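**Student:** predicted model follows, preceded by the sequence.
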Amino acid sequence: MSADPRIAAQVPGFYAWYALALLTLINAVNFIDRNIIFALFEPIKDELDLSDAQLGWLGSAYIIVFSVAAIPLGILSDLKSRRAVIASGVTLWAVFTGMAGLARHYWQLLFCRSMVGVGEAAYSPAAQSLLADYFPQRGRALALGIFWSGLAVGGVAGIWLGGELAHLYGWRAAFLAVGLPGLLLAMLASRLRDPTRRIRPFSLGDAIRRFELTVWHLLVALWPLWVMGGLGLAAAYLLDRSGWVGPDVEGAVLGAAVALGVVATAARGIRAILAHRHDELRPATLSTLDDFVEAAKVVMKTPTLVWVFLGGALISFAMNGLVGWSPSYMQRELGLPPQVAGRTIGAWGLAAGLLGVVFGGKLGDKLAERWDSGRVIAGCAGFLAGGPLCIWLLSVRDLEAFIPLFFVTLFLFTWYHGPVSATIFDVVPARVGASVMGAYVFFTHMAGDAIAYPLIGAFSDRFGIRIAMLVLPVVGLIGGAVFLMAARTVARDVKRARQLVS
(Lines give C-alpha, C1' and ligand atoms only; values in the text may rest on other atoms or scores of the structure.)
Protein backbone atom coordinates (compact mmCIF):
# COMPACT_ATOMS: atom_id res chain seq x y z
CA MET A 1 0.00 0.00 0.00
CA SER A 2 1.10 3.54 -0.63
CA ALA A 3 2.91 5.44 2.06
CA ASP A 4 2.48 8.78 0.29
CA PRO A 5 2.46 11.61 2.86
CA ARG A 6 -0.44 13.17 0.95
CA ILE A 7 -2.57 10.17 1.85
CA ALA A 8 -1.60 10.36 5.50
CA ALA A 9 -2.46 14.04 5.50
CA GLN A 10 -6.07 13.20 4.55
CA VAL A 11 -6.51 11.25 7.79
CA PRO A 12 -7.31 13.38 10.87
CA GLY A 13 -4.33 13.54 13.21
CA PHE A 14 -6.25 12.31 16.24
CA TYR A 15 -7.59 9.32 14.31
CA ALA A 16 -4.12 8.32 13.14
CA TRP A 17 -3.00 8.29 16.76
CA TYR A 18 -6.11 6.33 17.75
CA ALA A 19 -5.30 3.75 15.09
CA LEU A 20 -1.72 3.58 16.32
CA ALA A 21 -2.93 3.10 19.92
CA LEU A 22 -5.34 0.32 18.94
CA LEU A 23 -2.82 -1.49 16.74
CA THR A 24 -0.19 -1.18 19.47
CA LEU A 25 -2.63 -2.63 22.03
CA ILE A 26 -3.39 -5.53 19.70
CA ASN A 27 0.33 -6.02 19.18
CA ALA A 28 0.75 -6.20 22.95
CA VAL A 29 -1.95 -8.89 23.18
CA ASN A 30 -0.25 -10.61 20.25
CA PHE A 31 2.95 -10.95 22.25
CA ILE A 32 1.12 -11.82 25.48
CA ASP A 33 -0.47 -14.79 23.73
CA ARG A 34 2.81 -15.60 22.00
CA ASN A 35 5.08 -15.45 25.06
CA ILE A 36 2.87 -16.81 27.82
CA ILE A 37 4.03 -20.31 26.88
CA PHE A 38 7.54 -19.49 28.14
CA ALA A 39 6.30 -18.63 31.64
CA LEU A 40 4.49 -21.97 31.69
CA PHE A 41 7.41 -24.15 30.55
CA GLU A 42 8.15 -25.53 34.00
CA PRO A 43 4.59 -26.55 35.05
CA ILE A 44 3.92 -27.93 31.56
CA LYS A 45 7.18 -29.88 31.69
CA ASP A 46 6.28 -31.35 35.08
CA GLU A 47 2.71 -32.31 34.16
CA LEU A 48 3.36 -33.67 30.66
CA ASP A 49 6.85 -35.05 31.45
CA LEU A 50 8.69 -33.24 28.63
CA SER A 51 12.36 -32.55 27.88
CA ASP A 52 13.77 -29.06 27.31
CA ALA A 53 14.06 -29.82 23.59
CA GLN A 54 10.34 -30.64 23.46
CA LEU A 55 9.57 -27.42 25.28
CA GLY A 56 11.64 -25.58 22.69
CA TRP A 57 9.58 -27.10 19.89
CA LEU A 58 6.42 -25.63 21.46
CA GLY A 59 7.94 -22.24 20.71
CA SER A 60 9.24 -23.25 17.29
CA ALA A 61 5.98 -24.86 16.11
CA TYR A 62 4.37 -21.48 16.44
CA ILE A 63 7.28 -19.70 14.76
CA ILE A 64 7.54 -22.08 11.79
CA VAL A 65 3.83 -21.87 10.95
CA PHE A 66 3.85 -18.13 11.63
CA SER A 67 6.75 -17.65 9.23
CA VAL A 68 5.31 -19.81 6.45
CA ALA A 69 1.95 -18.04 6.66
CA ALA A 70 3.46 -14.53 6.79
CA ILE A 71 4.28 -14.35 3.06
CA PRO A 72 0.84 -15.29 1.61
CA LEU A 73 -0.87 -13.17 4.25
CA GLY A 74 1.46 -10.30 3.38
CA ILE A 75 0.26 -10.61 -0.23
CA LEU A 76 -3.34 -10.70 0.99
CA SER A 77 -2.72 -7.51 2.97
CA ASP A 78 -1.52 -5.74 -0.19
CA LEU A 79 -4.46 -7.09 -2.20
CA LYS A 80 -7.49 -7.05 0.10
CA SER A 81 -8.75 -5.12 3.11
CA ARG A 82 -5.96 -4.88 5.64
CA ARG A 83 -8.37 -4.40 8.52
CA ALA A 84 -10.23 -7.60 7.55
CA VAL A 85 -6.95 -9.52 7.51
CA ILE A 86 -6.09 -8.10 10.93
CA ALA A 87 -9.51 -8.90 12.45
CA SER A 88 -9.50 -12.45 11.10
CA GLY A 89 -6.02 -13.14 12.39
CA VAL A 90 -6.76 -11.79 15.87
CA THR A 91 -9.88 -13.97 16.10
CA LEU A 92 -7.96 -17.09 15.11
CA TRP A 93 -5.08 -16.63 17.54
CA ALA A 94 -7.41 -15.72 20.42
CA VAL A 95 -9.47 -18.89 19.99
CA PHE A 96 -6.51 -21.25 19.82
CA THR A 97 -4.67 -19.56 22.68
CA GLY A 98 -7.64 -20.37 24.88
CA MET A 99 -7.90 -23.91 23.50
CA ALA A 100 -4.29 -24.60 24.53
CA GLY A 101 -5.57 -24.67 28.09
CA LEU A 102 -7.66 -27.73 27.23
CA ALA A 103 -4.73 -29.79 25.88
CA ARG A 104 -4.10 -33.14 27.56
CA HIS A 105 -1.20 -34.32 25.42
CA TYR A 106 1.94 -32.80 23.95
CA TRP A 107 0.68 -33.06 20.37
CA GLN A 108 -2.56 -31.25 21.24
CA LEU A 109 -0.65 -28.35 22.75
CA LEU A 110 1.66 -28.34 19.73
CA PHE A 111 -1.34 -28.07 17.39
CA CYS A 112 -2.86 -25.15 19.30
CA ARG A 113 0.43 -23.27 19.27
CA SER A 114 0.71 -23.86 15.53
CA MET A 115 -2.73 -22.36 14.95
CA VAL A 116 -1.83 -19.33 17.05
CA GLY A 117 1.01 -18.85 14.59
CA VAL A 118 -1.39 -18.73 11.63
CA GLY A 119 -3.49 -16.04 13.27
CA GLU A 120 -0.59 -13.87 14.34
CA ALA A 121 1.07 -14.11 10.92
CA ALA A 122 -1.84 -12.13 9.50
CA TYR A 123 -1.27 -9.22 11.84
CA SER A 124 2.19 -7.68 11.66
CA PRO A 125 2.59 -6.99 7.89
CA ALA A 126 -0.96 -5.61 7.56
CA ALA A 127 -0.71 -3.44 10.68
CA GLN A 128 2.65 -1.96 9.72
CA SER A 129 1.44 -1.30 6.19
CA LEU A 130 -1.54 0.62 7.61
CA LEU A 131 0.74 2.65 9.87
CA ALA A 132 3.02 3.47 6.94
CA ASP A 133 -0.03 5.11 5.32
CA TYR A 134 -1.20 6.87 8.47
CA PHE A 135 2.13 8.54 9.23
CA PRO A 136 4.36 10.60 6.91
CA GLN A 137 7.98 9.80 6.24
CA ARG A 138 9.39 12.04 8.96
CA GLY A 139 7.54 10.42 11.87
CA ARG A 140 7.37 6.88 10.59
CA ALA A 141 10.17 5.38 12.68
CA LEU A 142 8.66 6.90 15.84
CA ALA A 143 5.21 5.51 14.99
CA LEU A 144 6.63 2.08 14.26
CA GLY A 145 8.72 2.29 17.41
CA ILE A 146 5.55 2.95 19.42
CA PHE A 147 3.84 0.09 17.59
CA TRP A 148 6.70 -2.22 18.53
CA SER A 149 6.41 -1.11 22.14
CA GLY A 150 3.59 -3.66 22.07
CA LEU A 151 6.33 -6.27 21.79
CA ALA A 152 8.04 -4.95 24.90
CA VAL A 153 4.80 -4.59 26.86
CA GLY A 154 3.15 -7.78 25.65
CA GLY A 155 6.28 -9.89 25.59
CA VAL A 156 7.06 -9.35 29.25
CA ALA A 157 3.40 -9.04 30.31
CA GLY A 158 2.79 -12.51 28.88
CA ILE A 159 5.55 -13.91 31.06
CA TRP A 160 4.39 -11.87 34.07
CA LEU A 161 0.72 -12.84 33.71
CA GLY A 162 1.64 -16.43 32.92
CA GLY A 163 3.63 -16.80 36.12
CA GLU A 164 0.97 -15.17 38.30
CA LEU A 165 -1.99 -16.99 36.74
CA ALA A 166 -0.19 -20.35 36.80
CA HIS A 167 0.59 -19.87 40.49
CA LEU A 168 -3.00 -18.91 41.37
CA TYR A 169 -5.09 -21.04 39.02
CA GLY A 170 -2.79 -23.37 37.06
CA TRP A 171 -1.27 -23.18 33.60
CA ARG A 172 -4.48 -24.22 31.82
CA ALA A 173 -6.46 -21.29 33.23
CA ALA A 174 -3.65 -18.96 32.20
CA PHE A 175 -4.14 -19.81 28.51
CA LEU A 176 -7.90 -19.33 28.75
CA ALA A 177 -7.60 -15.98 30.51
CA VAL A 178 -5.29 -14.33 27.97
CA GLY A 179 -7.09 -15.67 24.89
CA LEU A 180 -10.53 -14.13 25.42
CA PRO A 181 -9.71 -10.38 25.11
CA GLY A 182 -8.61 -10.89 21.52
CA LEU A 183 -12.21 -11.33 20.34
CA LEU A 184 -13.17 -7.79 21.40
CA LEU A 185 -10.03 -6.34 19.84
CA ALA A 186 -10.80 -8.15 16.59
CA MET A 187 -14.17 -6.41 16.39
CA LEU A 188 -12.57 -3.00 16.99
CA ALA A 189 -9.94 -3.70 14.33
CA SER A 190 -12.63 -4.56 11.78
CA ARG A 191 -13.88 -0.96 12.05
CA LEU A 192 -10.56 0.81 11.48
CA ARG A 193 -10.56 3.30 8.63
CA ASP A 194 -8.23 2.53 5.77
CA PRO A 195 -6.56 5.82 4.73
CA THR A 196 -6.60 4.67 1.10
CA ARG A 197 -10.34 3.90 1.13
CA ARG A 198 -13.53 5.92 1.49
CA ILE A 199 -14.42 6.49 5.15
CA ARG A 200 -17.84 5.10 6.17
CA PRO A 201 -19.86 6.22 9.23
CA PHE A 202 -19.68 3.94 12.24
CA SER A 203 -22.57 1.54 12.90
CA LEU A 204 -22.55 -1.00 15.72
CA GLY A 205 -24.81 -3.36 13.80
CA ASP A 206 -22.61 -3.09 10.72
CA ALA A 207 -19.55 -3.74 12.89
CA ILE A 208 -21.09 -6.93 14.27
CA ARG A 209 -22.14 -8.12 10.81
CA ARG A 210 -18.71 -7.32 9.41
CA PHE A 211 -17.05 -9.19 12.26
CA GLU A 212 -19.25 -12.26 11.71
CA LEU A 213 -18.61 -12.14 7.96
CA THR A 214 -14.88 -11.85 8.53
CA VAL A 215 -14.81 -14.92 10.76
CA TRP A 216 -16.94 -16.94 8.31
CA HIS A 217 -14.70 -16.01 5.39
CA LEU A 218 -11.68 -17.01 7.45
CA LEU A 219 -13.17 -20.45 8.10
CA VAL A 220 -14.03 -20.98 4.44
CA ALA A 221 -10.79 -19.60 3.03
CA LEU A 222 -8.62 -21.78 5.27
CA TRP A 223 -10.46 -25.08 4.79
CA PRO A 224 -7.35 -26.99 3.57
CA LEU A 225 -5.62 -26.00 6.79
CA TRP A 226 -8.53 -27.23 8.90
CA VAL A 227 -8.67 -30.52 6.96
CA MET A 228 -4.93 -31.21 7.16
CA GLY A 229 -4.81 -30.08 10.76
CA GLY A 230 -7.70 -32.38 11.59
CA LEU A 231 -6.01 -35.31 9.88
CA GLY A 232 -2.81 -34.52 11.75
CA LEU A 233 -4.69 -34.42 15.04
CA ALA A 234 -6.35 -37.75 14.29
CA ALA A 235 -3.03 -39.36 13.36
CA ALA A 236 -1.32 -37.99 16.47
CA TYR A 237 -4.20 -39.20 18.63
CA LEU A 238 -4.06 -42.72 17.19
CA LEU A 239 -0.28 -42.86 17.60
CA ASP A 240 -0.63 -41.67 21.18
CA ARG A 241 -3.23 -44.31 21.99
CA SER A 242 -1.23 -47.07 20.34
CA GLY A 243 1.93 -46.32 22.33
CA TRP A 244 4.09 -47.26 19.33
CA VAL A 245 5.99 -43.98 19.22
CA GLY A 246 6.95 -41.16 21.56
CA PRO A 247 5.75 -37.54 21.75
CA ASP A 248 8.48 -36.36 19.36
CA VAL A 249 7.13 -38.48 16.49
CA GLU A 250 3.54 -37.49 17.29
CA GLY A 251 4.57 -33.84 17.21
CA ALA A 252 6.45 -34.30 13.93
CA VAL A 253 3.41 -35.92 12.28
CA LEU A 254 1.14 -33.13 13.47
CA GLY A 255 3.62 -30.43 12.47
CA ALA A 256 4.00 -31.88 8.97
CA ALA A 257 0.22 -31.98 8.54
CA VAL A 258 -0.18 -28.37 9.63
CA ALA A 259 2.67 -27.24 7.35
CA LEU A 260 1.06 -29.01 4.39
CA GLY A 261 -2.23 -27.35 5.27
CA VAL A 262 -0.63 -23.90 5.25
CA VAL A 263 1.04 -24.54 1.89
CA ALA A 264 -2.18 -25.96 0.39
CA THR A 265 -4.18 -22.98 1.64
CA ALA A 266 -1.72 -20.52 0.11
CA ALA A 267 -1.67 -22.43 -3.19
CA ARG A 268 -5.46 -22.56 -3.28
CA GLY A 269 -5.71 -18.83 -2.69
CA ILE A 270 -3.28 -17.97 -5.47
CA ARG A 271 -5.00 -20.40 -7.85
CA ALA A 272 -8.41 -18.90 -7.06
CA ILE A 273 -7.06 -15.41 -7.69
CA LEU A 274 -5.65 -16.40 -11.07
CA ALA A 275 -8.97 -18.05 -12.03
CA HIS A 276 -10.86 -14.72 -11.97
CA ARG A 277 -9.93 -13.75 -15.51
CA HIS A 278 -12.91 -11.45 -16.04
CA ASP A 279 -13.15 -10.07 -12.54
CA GLU A 280 -12.78 -6.32 -12.20
CA LEU A 281 -10.07 -7.01 -9.62
CA ARG A 282 -8.02 -8.96 -12.14
CA PRO A 283 -5.59 -6.13 -13.01
CA ALA A 284 -4.99 -5.27 -9.36
CA THR A 285 -4.64 -8.94 -8.50
CA LEU A 286 -2.03 -9.61 -11.14
CA SER A 287 -0.29 -6.39 -10.19
CA THR A 288 -0.07 -7.52 -6.58
CA LEU A 289 1.26 -10.95 -7.52
CA ASP A 290 3.77 -9.29 -9.82
CA ASP A 291 4.70 -6.97 -6.97
CA PHE A 292 5.39 -9.93 -4.71
CA VAL A 293 7.66 -11.48 -7.31
CA GLU A 294 9.28 -8.08 -7.63
CA ALA A 295 9.61 -7.95 -3.83
CA ALA A 296 11.77 -11.07 -3.89
CA LYS A 297 13.90 -9.52 -6.62
CA VAL A 298 14.13 -6.25 -4.71
CA VAL A 299 15.51 -8.03 -1.66
CA MET A 300 18.21 -9.78 -3.68
CA LYS A 301 19.11 -6.62 -5.61
CA THR A 302 19.09 -4.29 -2.60
CA PRO A 303 22.29 -4.67 -0.54
CA THR A 304 20.73 -2.91 2.44
CA LEU A 305 17.96 -5.50 2.62
CA VAL A 306 20.43 -8.38 2.36
CA TRP A 307 22.30 -7.09 5.42
CA VAL A 308 19.06 -6.28 7.25
CA PHE A 309 17.66 -9.76 6.63
CA LEU A 310 20.86 -11.56 7.70
CA GLY A 311 21.42 -9.36 10.73
CA GLY A 312 17.74 -9.56 11.66
CA ALA A 313 17.84 -13.36 11.73
CA LEU A 314 20.82 -13.41 14.09
CA ILE A 315 19.28 -10.71 16.28
CA SER A 316 15.98 -12.62 16.36
CA PHE A 317 17.84 -15.76 17.46
CA ALA A 318 19.47 -13.90 20.36
CA MET A 319 16.58 -11.68 21.45
CA ASN A 320 13.78 -14.23 21.35
CA GLY A 321 15.94 -17.02 22.72
CA LEU A 322 16.79 -14.83 25.71
CA VAL A 323 13.16 -13.88 26.36
CA GLY A 324 11.92 -17.43 25.86
CA TRP A 325 14.32 -19.20 28.19
CA SER A 326 14.78 -16.49 30.86
CA PRO A 327 11.87 -17.67 33.07
CA SER A 328 13.25 -21.22 33.20
CA TYR A 329 16.76 -19.86 33.74
CA MET A 330 15.67 -17.75 36.71
CA GLN A 331 13.73 -20.62 38.27
CA ARG A 332 16.56 -23.13 37.91
CA GLU A 333 19.68 -21.00 38.41
CA LEU A 334 18.42 -18.32 40.79
CA GLY A 335 15.95 -20.54 42.66
CA LEU A 336 12.90 -18.32 42.08
CA PRO A 337 9.33 -19.70 42.06
CA PRO A 338 7.40 -19.22 38.77
CA GLN A 339 5.35 -16.23 39.92
CA VAL A 340 8.40 -14.40 41.27
CA ALA A 341 10.37 -15.07 38.09
CA GLY A 342 7.45 -13.85 35.99
CA ARG A 343 6.97 -10.79 38.19
CA THR A 344 10.66 -9.90 38.00
CA ILE A 345 10.83 -10.24 34.24
CA GLY A 346 7.51 -8.44 33.88
CA ALA A 347 8.25 -5.40 36.02
CA TRP A 348 11.82 -4.76 34.91
CA GLY A 349 11.43 -6.09 31.40
CA LEU A 350 8.33 -3.98 30.79
CA ALA A 351 10.07 -0.76 31.81
CA ALA A 352 13.25 -1.58 29.91
CA GLY A 353 11.54 -2.79 26.75
CA LEU A 354 9.04 0.06 26.58
CA LEU A 355 11.77 2.65 27.01
CA GLY A 356 14.03 0.79 24.59
CA VAL A 357 11.68 0.59 21.60
CA VAL A 358 10.51 4.20 21.93
CA PHE A 359 14.05 5.48 22.50
CA GLY A 360 15.34 3.43 19.57
CA GLY A 361 12.64 4.78 17.25
CA LYS A 362 13.23 8.36 18.33
CA LEU A 363 17.00 7.94 18.06
CA GLY A 364 16.61 6.48 14.58
CA ASP A 365 14.56 9.48 13.41
CA LYS A 366 17.02 11.94 14.96
CA LEU A 367 20.10 10.32 13.46
CA ALA A 368 18.36 10.00 10.08
CA GLU A 369 18.02 13.79 9.99
CA ARG A 370 21.82 14.06 10.00
CA TRP A 371 22.98 10.89 8.23
CA ASP A 372 21.33 8.63 5.69
CA SER A 373 22.54 5.66 7.73
CA GLY A 374 21.15 7.04 11.01
CA ARG A 375 18.41 4.44 11.42
CA VAL A 376 20.80 1.60 10.69
CA ILE A 377 23.25 2.91 13.30
CA ALA A 378 20.48 3.22 15.89
CA GLY A 379 19.27 -0.30 15.12
CA CYS A 380 22.61 -2.06 15.55
CA ALA A 381 24.05 0.02 18.40
CA GLY A 382 21.87 -1.60 21.03
CA PHE A 383 23.09 -5.11 20.28
CA LEU A 384 26.72 -4.12 19.98
CA ALA A 385 26.51 -2.46 23.40
CA GLY A 386 24.17 -5.00 24.98
CA GLY A 387 25.94 -8.21 23.96
CA PRO A 388 28.80 -7.95 26.49
CA LEU A 389 26.32 -6.98 29.21
CA CYS A 390 24.25 -10.07 28.43
CA ILE A 391 27.33 -12.29 28.86
CA TRP A 392 27.89 -10.67 32.25
CA LEU A 393 24.20 -11.12 33.06
CA LEU A 394 24.38 -14.88 32.52
CA SER A 395 27.44 -15.19 34.74
CA VAL A 396 25.95 -13.73 37.94
CA ARG A 397 24.12 -15.78 40.56
CA ASP A 398 22.94 -12.92 42.76
CA LEU A 399 19.42 -11.59 42.11
CA GLU A 400 20.42 -8.08 43.20
CA ALA A 401 23.07 -7.99 40.47
CA PHE A 402 20.90 -9.83 37.95
CA ILE A 403 18.03 -7.32 37.96
CA PRO A 404 19.91 -4.13 36.91
CA LEU A 405 21.92 -6.05 34.32
CA PHE A 406 18.71 -7.56 32.94
CA PHE A 407 17.11 -4.10 32.76
CA VAL A 408 19.98 -2.47 30.86
CA THR A 409 20.45 -5.47 28.55
CA LEU A 410 16.80 -5.58 27.51
CA PHE A 411 16.70 -1.78 27.12
CA LEU A 412 19.58 -1.95 24.65
CA PHE A 413 18.32 -5.07 22.86
CA THR A 414 14.94 -3.48 22.05
CA TRP A 415 16.32 -0.41 20.26
CA TYR A 416 16.29 -2.08 16.86
CA HIS A 417 12.56 -2.65 16.19
CA GLY A 418 11.47 0.77 14.94
CA PRO A 419 14.66 1.59 13.00
CA VAL A 420 14.73 -1.81 11.27
CA SER A 421 11.08 -1.60 10.15
CA ALA A 422 11.53 2.00 8.98
CA THR A 423 14.70 1.09 7.09
CA ILE A 424 12.87 -1.64 5.19
CA PHE A 425 10.07 0.72 4.15
CA ASP A 426 12.64 3.39 3.25
CA VAL A 427 14.46 1.26 0.68
CA VAL A 428 11.57 -0.50 -1.10
CA PRO A 429 8.82 0.76 -3.44
CA ALA A 430 5.74 1.48 -1.34
CA ARG A 431 3.47 -0.85 -3.31
CA VAL A 432 5.43 -3.94 -2.16
CA GLY A 433 6.14 -2.76 1.38
CA ALA A 434 3.86 -5.26 3.13
CA SER A 435 5.12 -8.12 0.94
CA VAL A 436 8.77 -7.33 1.71
CA MET A 437 7.91 -7.03 5.40
CA GLY A 438 6.24 -10.44 5.22
CA ALA A 439 9.39 -11.84 3.61
CA TYR A 440 11.48 -10.27 6.39
CA VAL A 441 9.25 -11.82 9.07
CA PHE A 442 9.52 -15.21 7.35
CA PHE A 443 13.28 -15.18 6.99
CA THR A 444 14.22 -13.78 10.38
CA HIS A 445 11.96 -16.12 12.29
CA MET A 446 12.77 -19.25 10.29
CA ALA A 447 16.52 -18.59 10.44
CA GLY A 448 16.36 -17.06 13.92
CA ASP A 449 14.13 -17.95 16.84
CA ALA A 450 12.62 -21.05 15.19
CA ILE A 451 16.12 -22.51 15.55
CA ALA A 452 16.90 -20.87 18.89
CA TYR A 453 14.17 -22.40 21.05
CA PRO A 454 14.81 -26.12 20.42
CA LEU A 455 18.57 -25.65 19.98
CA ILE A 456 18.96 -23.94 23.36
CA GLY A 457 16.66 -26.60 24.80
CA ALA A 458 18.80 -29.41 23.38
CA PHE A 459 21.98 -27.74 24.67
CA SER A 460 20.30 -27.35 28.05
CA ASP A 461 19.45 -31.05 28.18
CA ARG A 462 23.12 -31.82 27.51
CA PHE A 463 25.13 -29.04 29.20
CA GLY A 464 22.72 -27.20 31.49
CA ILE A 465 20.74 -24.04 30.89
CA ARG A 466 23.48 -21.56 31.90
CA ILE A 467 26.01 -22.82 29.33
CA ALA A 468 23.29 -23.14 26.70
CA MET A 469 22.15 -19.54 27.04
CA LEU A 470 25.66 -18.10 26.66
CA VAL A 471 25.28 -18.83 22.95
CA LEU A 472 22.65 -16.07 22.70
CA PRO A 473 24.70 -12.88 23.35
CA VAL A 474 27.48 -14.11 21.07
CA VAL A 475 25.01 -14.54 18.21
CA GLY A 476 23.49 -11.15 19.03
CA LEU A 477 26.86 -9.42 18.75
CA ILE A 478 27.42 -10.99 15.35
CA GLY A 479 23.93 -9.90 14.28
CA GLY A 480 24.58 -6.30 15.30
CA ALA A 481 27.83 -6.26 13.33
CA VAL A 482 26.12 -7.71 10.24
CA PHE A 483 23.31 -5.15 10.44
CA LEU A 484 25.88 -2.36 10.68
CA MET A 485 27.13 -3.30 7.21
CA ALA A 486 23.89 -1.84 5.81
CA ALA A 487 25.13 1.64 6.78
CA ARG A 488 27.40 1.59 3.73
CA THR A 489 24.57 1.02 1.24
CA VAL A 490 21.39 2.53 2.69
CA ALA A 491 21.76 6.02 1.16
CA ARG A 492 22.08 4.64 -2.36
CA ASP A 493 19.18 2.23 -1.87
CA VAL A 494 16.86 4.94 -0.48
CA LYS A 495 17.60 7.11 -3.51
CA ARG A 496 16.86 4.25 -5.89
CA ALA A 497 13.55 3.47 -4.14
CA ARG A 498 12.44 7.08 -4.52
CA GLN A 499 13.36 7.04 -8.20
CA LEU A 500 11.27 3.90 -8.73
CA VAL A 501 8.27 5.53 -7.08
CA SER A 502 8.60 8.71 -9.14
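**Tutor:** Happy to help now that I have it.

**Student:** just the helices from the stretch 1-150 of the chain, written as ranges.
**Tutor:** Using DSSP state H, counting those that start in this stretch, the helices of the stretch 1-150 of the chain run over 5-10, 13-39, 41-48, 52-79, 82-99, 106-121, 123-134, 140-147, 149-169.

**Student:** to residue 478, which of those lies closest?
**Tutor:** Across the helices of the stretch 1-150 of the chain, residue 478 has its closest neighbour in helix 52-79 (20.1 Å, C-beta to C-beta). Using the backbone N, CA and C atoms, a C-beta is placed for each residue, glycine as well.

**Student:** related to what we said a few turns ago, how about the helices of the stretch 1-150 of the chain in a markdown table, adding mean neighbour count?
**Tutor:** Converted to a markdown table, the helices of the stretch 1-150 of the chain look like this (neighbours: other C-beta atoms under 10 Å):
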| stretch | mean neighbour count |
| --- | --- |
| helix 5-10 | 14 |
| helix 13-39 | 22 |
| helix 41-48 | 17 |
| helix 52-79 | 26 |
| helix 82-99 | 25 |
| helix 106-121 | 26 |
| helix 123-134 | 28 |
| helix 140-147 | 27 |
| helix 149-169 | 24 |
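
**Student:** any chance of TSV for those helices, columns mean pLDDT?
**Tutor:** Compiled in TSV, the helices of the stretch 1-150 of the chain are given as follows (pLDDT from 0 to 100):
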stretch	mean pLDDT
helix 5-10	46
helix 13-39	88
helix 41-48	90
helix 52-79	76
helix 82-99	85
helix 106-121	84
helix 123-134	81
helix 140-147	79
helix 149-169	85
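
**Student:** will you turn the ones you listed into TSV that also has distance to residue 484?
**Tutor:** Putting the helices of the stretch 1-150 of the chain into TSV (distance: least, C-beta to C-beta, whole Å) gives the following:
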stretch	distance to residue 484
helix 5-10	29
helix 13-39	27
helix 41-48	34
helix 52-79	25
helix 82-99	33
helix 106-121	29
helix 123-134	23
helix 140-147	17
helix 149-169	22
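
**Student:** these: which one's closest to residue 360?
**Tutor:** Evaluated over those, closeness to residue 360 peaks at helix 140-147, with 6.0 Å, by C-beta to C-beta.

**Student:** tilt between the closest one and helix 13-39?
**Tutor:** Here the directions of helix 140-147 and helix 13-39 differ by 50 degrees (axes from the mean of the first three to the mean of the last three C-alpha atoms, to 10 degrees).

**Student:** touching helix 140-147 from outside, list them.
**Tutor:** 3, 20, 23-24, 27, 127-128, 131-132, 134-135, 357-358, 360-362, 364-365, 368, 375, 417-419, 421-422, 425 (C-beta atoms under 8 Å, 6 or more residues apart in numbering).

**Student:** residue 355 is in contact with residue 411, correct?
**Tutor:** Yes - using C-beta atoms under 8 Å, residue 411 is in contact with residue 355, at 5.8 Å.

**Student:** between the two, which one's more packed in?
**Tutor:** For residue 411 versus residue 355, the count of surrounding residues by other C-beta atoms under 10 Å is larger for residue 411: 25 against 17.

**Student:** tell me who's in contact with the more buried one.
**Tutor:** 352-353, 355-356, 359, 382, 386 are the contacts of residue 411 under C-beta under 8 Å, 6+ apart.

**Student:** closest to residue 33 out of these?
**Tutor:** Relative to residue 33, the closest of the contacts of residue 411 is residue 353; by C-beta to C-beta it sits at 16.8 Å.

**Student:** so who does that closest one touch?
**Tutor:** So residue 353 contacts 149, 151-153, 155-156, 410-411, 414 (C-beta under 8 Å, 6+ apart).

**Student:** using JSON lines, lay out these together with distance to residue 328.
**Tutor:** Formatted as JSON lines, the contacts of residue 353 follow (distance: C-beta to C-beta, whole Å):
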{"residue": "149", "distance to residue 328": "25"}
{"residue": "151", "distance to residue 328": "20"}
{"residue": "152", "distance to residue 328": "20"}
{"residue": "153", "distance to residue 328": "22"}
{"residue": "155", "distance to residue 328": "16"}
{"residue": "156", "distance to residue 328": "15"}
{"residue": "410", "distance to residue 328": "17"}
{"residue": "411", "distance to residue 328": "22"}
{"residue": "414", "distance to residue 328": "21"}
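
**Student:** residue ranges with poor pLDDT in the stretch 351-500 of the chain?
**Tutor:** Counting by pLDDT under 70, the stretch 351-500 of the chain has low-confidence residues at 430-432, 434, 500.

**Student:** which residue ranges of it form helices?
**Tutor:** 374-393, 399-413, 417-426, 433-446, 449-463, 465-469, 471-484, 490-501.

**Student:** can you check which of these gets nearest to residue 92?
**Tutor:** Across these, residue 92 has its closest neighbour in helix 433-446 (16.7 Å, C-beta to C-beta).

**Student:** who are the packing partners of that closest one?
**Tutor:** Packing partners of helix 433-446 (3 or more C-beta pairs under 8 Å, 6 or more residues apart in numbering; DSSP states H and E): helix 52-79, helix 123-134, helix 282-301, helix 303-333, helix 417-426.

**Student:** now it and helix 106-121, what's the angle there?
**Tutor:** 150 degrees.

**Student:** make CSV from the helices and strands packed on helix 433-446 and add distance to residue 235 to it.
**Tutor:** Output for the helices and strands packed on helix 433-446, formatted as CSV (distance: least, C-beta to C-beta, whole Å):
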stretch, distance to residue 235
helix 52-79, 16
helix 123-134, 30
helix 282-301, 33
helix 303-333, 28
helix 417-426, 39
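
**Student:** which of the ones you listed sits closest to residue 453?
**Tutor:** helix 52-79 (3.7 Å).

**Student:** what about the nearest residue to residue 321 once chain neighbours are set aside, how many residues nearby?
**Tutor:** Using C-beta to C-beta, 6 or more residues apart in numbering and skipping residues adjacent in sequence, the residue nearest residue 321 is residue 452, 3.5 Å away. Counted with other C-beta under 10 Å, the neighbours of residue 452 add up to 28.
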